[in-house]
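Novice: quick one, structure for this:
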Amino acid sequence: MQADNKNNLIGIIVTIILIVAGYFGWKTFFSKKPVEEVKQVTAVPVPAVTVVSRTLFREDQLPGEIHAYQDVLIYPKIPGFVQSINVDRGSVVKEGDLMATMYAPEYLASRNEALARIASAQAALASGESRLESAQADLEHRRANLLADESTNERVKAASLVPGVIANNDVVQWSQTVEMDRQDVDSSIKKVNAIDHEVVALRKTLAAEQKAYTNFADFASYLRIPAPFNGYITERDMHVGSFSGPLGSGAYPPICRIQQLDLLRIVAPVPERDTDGILMGSKVKFTVSSFPGKKFVGTVARLANSLDRDTRTMPVELNFFNPDYKVLPGMFCEVYWPTRRREKSLFVPVSAVITSPLTTFVCRIQGDTIEWVTVKKGQVMNGMVEVFGNIHEGDIVAREANEQLVNGTKVKPIDLKPTAEEKEPPPKRESYHLNAE
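Specialist: Predicted structure coming up:
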């Protein structure tokens, strides 16, 4: 029994020893520091390009409109009947050619009445002038009588100083005679002035009647309708016997329409962003559907200098000389507008700019490190895009920008040859120059 107890005690002691040995062995093994793995940073090869400075110049296709240089609807100056029309659709006229004549009987009657009033005013004026001359002659006669009687009165007064030569009654009579003569002269002067004022009024009446007749004479000239300029008759809406009137005085159509076709206006709506590069006198190409594959050339002649609020475009007019009438008003055309800037700007490939929900940036390579540079995109030219921001000519940027190239990424720039689109194109001086016509 004692032997069994002794054996059990020995087993327990051995077990305890093994447990303690195992614990210290485990602690010794796992207390050793792990060997840190040495990570070697490897630079990522990235195709890179250089930021270049170029002058923006490209052709954009804009929808254009073609208008006649001059376009006039012909209305008569006064209402009346068409007496004759010397032109029809397709007629070619020169400035001053008689296109139509009108007949207005009421104006002819009014002109005859004006002539009668002139004759009456002339007769009244002649009568007034005659009475004025008679009154002036009577005034002169009375003044002569006054002078004679004053002289006689003075002699009578002198003779009366000698007693017994002249009676006192004679002296009084001659003094009264002189006073009556003076009153007659004053009366005649008033009569002459009154008749003179009447004659002045008659002259003004005659002048007014003559001016009124001149106006009727002008109306008579309005009955003849000449061509205002050299042009082409494109419409005719009236015939002989038709009643027509001035524009706005009723629902009368025009007699005809004349357009100048040897010189046309090509109107192009230039977007707001391209208005700064417009050059007066520069040549601009355009096409029309009537002549597929053929390009015509116009000259920038007029700027609206105001933008349409709805489209944010500015109408620009080109002059196009059209002596053979190939291009016609109303045709739809495509204008190859030369988009340009007056100064150089910086360009990178389109793929070098990435736009995220928060910003637009390029991946600039400083030495061997990526740096995000916020930029603003401009216009595109030959696969290149303008960039504006804290970036300079000659900077190196990643050709294929992406958000995986985060700030601080170590890269190895690979210098690639520029593509055909990235090479600077030669200037197109054969079509776009400053020689204004």
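
Novice: going along the chain, name the strands of the stretch 51-200 of the chain.
Specialist: 52-54, 57-68, 71-74, 80-85, 92-93, 98-103 (DSSP state E, counting those that start in this stretch).

Novice: quick one: closest of those strands to Tyr325.
Specialist: strand 92-93 (9.9 Å; Cβ to Cβ). Yep, even glycine has a C-beta here, placed from its N, CA and C like the rest.

Novice: partners of the closest one, with directions?
Specialist: Partners of strand 92-93 in the sheet, by DSSP bridges, are strand 231-236 (antiparallel).

Novice: now the partner strand, how far from the centre of its chain.
Specialist: 27 Å (Cα atoms, centre = their mean, to the nearest Å).

Novice: and stretch 373-389, by the same measure?
Specialist: Here stretch 373-389 is found 32 Å from its chain centre; the criterion is Cα atoms, centre = their mean.

Novice: ok, stretch 127-147 next?
Specialist: Computed by Cα atoms, centre = their mean, the chain-centroid distance of stretch 127-147 equals 70 Å.

Novice: buried residues, it. List them.
Specialist: 128-129, 131-132, 135-136, 139, 142-143, 145-146 (16 or more other Cβ atoms under 10 Å).

Novice: could you dump the strands of the stretch 51-200 of the chain to CSV with mean pLDDT?
Specialist: Compiled in CSV, these are given as follows (pLDDT from 0 to 100):
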stretch, mean pLDDT
strand 52-54, 90
strand 57-68, 90
strand 71-74, 94
strand 80-85, 91
strand 92-93, 94
strand 98-103, 92
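
Novice: out of those, nearest to Phe291?
Specialist: Across these, Phe291 has its closest neighbour in strand 57-68 (12.7 Å, Cβ to Cβ).

Novice: partner strands of that closest one and their direction?
Specialist: Using DSSP bridges, strand 57-68 pairs in its sheet with strand 263-271 (antiparallel), strand 332-340 (antiparallel).

Novice: low-confidence ranges in the stretch 1-150 of the chain?
Specialist: 1-14, 17-42 (pLDDT under 70).

Novice: one step back: mind checking which of the strands paired with strand 57-68 is nearest Arg203?
Specialist: strand 263-271 (52.1 Å).

Novice: with mean pLDDT and distance to Tyr252 added, can I get the strands paired with strand 57-68 in a markdown table?
Specialist: Below are the strands paired with strand 57-68 laid out as a markdown table (pLDDT from 0 to 100; distance: least, Cβ to Cβ, whole Å):
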| stretch | mean pLDDT | distance to Tyr252 |
| --- | --- | --- |
| strand 263-271 | 94 | 28 |
| strand 332-340 | 89 | 31 |
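
Novice: take the ones you listed and write them to CSV, including mean neighbour count and distance to Arg155.
Specialist: Below are those laid out as CSV (neighbours: other Cβ atoms under 10 Å; distance: least, Cβ to Cβ, whole Å):
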stretch, mean neighbour count, distance to Arg155
strand 263-271, 20, 95
strand 332-340, 20, 108
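
Novice: next, format the ones you listed as a markdown table and append distance to Leu358.
Specialist: Shown next, in a markdown table, are the strands paired with strand 57-68 (distance: least, Cβ to Cβ, whole Å):
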| stretch | distance to Leu358 |
| --- | --- |
| strand 263-271 | 28 |
| strand 332-340 | 30 |
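
Novice: tell me the contacts of the residue at minimal distance from the centre of the chain?
Specialist: Nearest residue to the geometric centre of the chain (Cα atoms, centre = their mean): Ala304, 3.4 Å. Counting by Cβ atoms under 8 Å, 6 or more residues apart in numbering, Ala304 touches 314-316.

Novice: just give me the closest of those to Gly90.
Specialist: Of the contacts of Ala304, the one sitting nearest to Gly90 (Cβ to Cβ) turns out to be Pro315, at 30.3 Å.

Novice: check what pLDDT the closest one gets.
Specialist: On pLDDT, Pro315 comes in at 93.

Novice: ranges for the helices of this structure?
Specialist: 2-30, 105-159, 168-222 (DSSP state H).

Novice: the second one - contacts with which helices or strands?
Specialist: Which is helix 105-159. Counting contacts by 3 or more Cβ pairs under 8 Å, 6 or more residues apart in numbering; DSSP states H and E, helix 105-159 is packed against helix 168-222.

Novice: and the helix it packs on, what does it pack against?
Specialist: helix 105-159.

Novice: report the inter-axis angle for the helix it packs on versus strand 80-85.
Specialist: Orientation of helix 105-159 against strand 80-85 (axes from the mean of the first three to the mean of the last three Cα atoms, to 10 degrees) gives an angle of 110 degrees.

Novice: pLDDT weak spots in the stretch 201-350 of the chain?
Specialist: Looking at the stretch 201-350 of the chain by pLDDT under 70, you get 217, 248-251.

Novice: if you set the cut-off to 80 instead, what comes out?
Specialist: Scanning the stretch 201-350 of the chain for pLDDT under 80 picks out 212-220, 247-251, 277, 342.

Novice: before we move on, back to that, as TSV, the helices of the chain with distance to Gly277 would be great.
Specialist: Compiled in TSV, the helices of the chain are given as follows (distance: least, Cβ to Cβ, whole Å):
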stretch	distance to Gly277
helix 2-30	76
helix 105-159	57
helix 168-222	49
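
Novice: out of these, which comes closest to Glu65?
Specialist: Nearest to Glu65 among those is helix 168-222; the distance by Cβ to Cβ comes to 33.9 Å.

Novice: next, the angle from the closest one to helix 105-159.
Specialist: Using the same axes, to 10 degrees: helix 168-222 against helix 105-159 is 160 degrees.

Novice: in strands only, show me the contacts of Ala304.
Specialist: 314-316 (DSSP state E).

Novice: from those, which is closest to Glu106?
Specialist: For the ones in strands among the contacts of Ala304, the residue nearest Glu106 by Cβ to Cβ is Pro315; the value is 44.8 Å.

Novice: from Leu279, how far off is the residue nearest to the closest one when sequence neighbours are not counted?
Specialist: Nearest residue to Pro315, sequence neighbours excluded (Cβ to Cβ, 6 or more residues apart in numbering): Ala304, at 4.4 Å. Between Ala304 and Leu279 the computed distance is 16 Å (Cβ to Cβ, to the nearest Å).

Novice: one more: Asp60?
Specialist: Separation of Asp60 from Leu279 (Cβ to Cβ) stands at 15 Å.

Novice: nice, that's everything, thank you.
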